[in-house]
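**Student:** structure here, sequence nowhere to be found:
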């Protein structure tokens with residue numbers, strides 16, 4: 001089995017791809033690669049959540065100078081476990097807090113984290129309430145969340161610098 005490297009660029013691409021999928025689902029189109037209709041609008045809100053999670057993780061990796069999640073695991077195993085191996089890694093409020101996102105977006109003139117849209121998106125019940133269809137989500141609310149996630153993803157990914165990947169030495173895993 002080939003080991004995957006979860007690089008900063010993977011998170012960047014995934015953020016954009018999940019947003020695209022969310023928009024397609026909300027507009028009644030199947031997500032890429034499937035002909036099965038999704039549970040609209042819950043599935044679209046879920047993908048917007050995942051897109052934002054990917055962008056937050058990309059920004060965290062870049063900020064701390066890591067080119068991949070594996071590089072973070074080598075240097076800071078506890079931080080890696082919290083972000084990539086626990087429910088905290090899906091918690092937008094926790095990720096935003098770790099990143100100090102409120103100060104970050106306010107410096108750009110966008111006080112987004114104080115409104116109802118963000119409060120819905122960062123609810124402690126998400127993403128699980130969306131993944132399993134337990135949370136009813138209105139079409140208009142989902143469109144607002146997709147728009148917010150899209151704007152946040154752009155702000156978070158803007159100007160990211162990807163540190164070089166270190167090659168594994170022979171004889172190591």
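**Tutor:** Nice, I can see it. For clarity, every value in this text was computed on a predicted model and none was experimentally measured.

**Student:** and the residue nearest the centre of this protein?
**Tutor:** Among the residues of the chain, the one closest to the centroid is residue 53, at 1.7 Å (Cα atoms, centre = their mean).

**Student:** helices and strands around the lowest-mean-pLDDT helix or strand in the chain, which ones?
**Tutor:** Of all helical and strand segments in the chain, the minimum by mean pLDDT, DSSP states H and E falls on helix 101-106, at a mean of 79. Helices and strands touching helix 101-106, by 3 or more Cβ pairs under 8 Å, 6 or more residues apart in numbering; DSSP states H and E, are helix 139-157. For the C-beta atoms, the positions are set from N, CA and C on the backbone; glycine is no exception.

**Student:** buried residues, stretch 13-28. List them.
**Tutor:** By 16 or more other Cβ atoms under 10 Å, the buried positions in stretch 13-28 come out as 14, 15, 16, 17, 18, 19, 21, 22, 23, 24, 25, 26.

**Student:** the second one sits in which helix or strand?
**Tutor:** So the one you mean is residue 15. Secondary structure from DSSP states H and E places residue 15 in helix 8-26.
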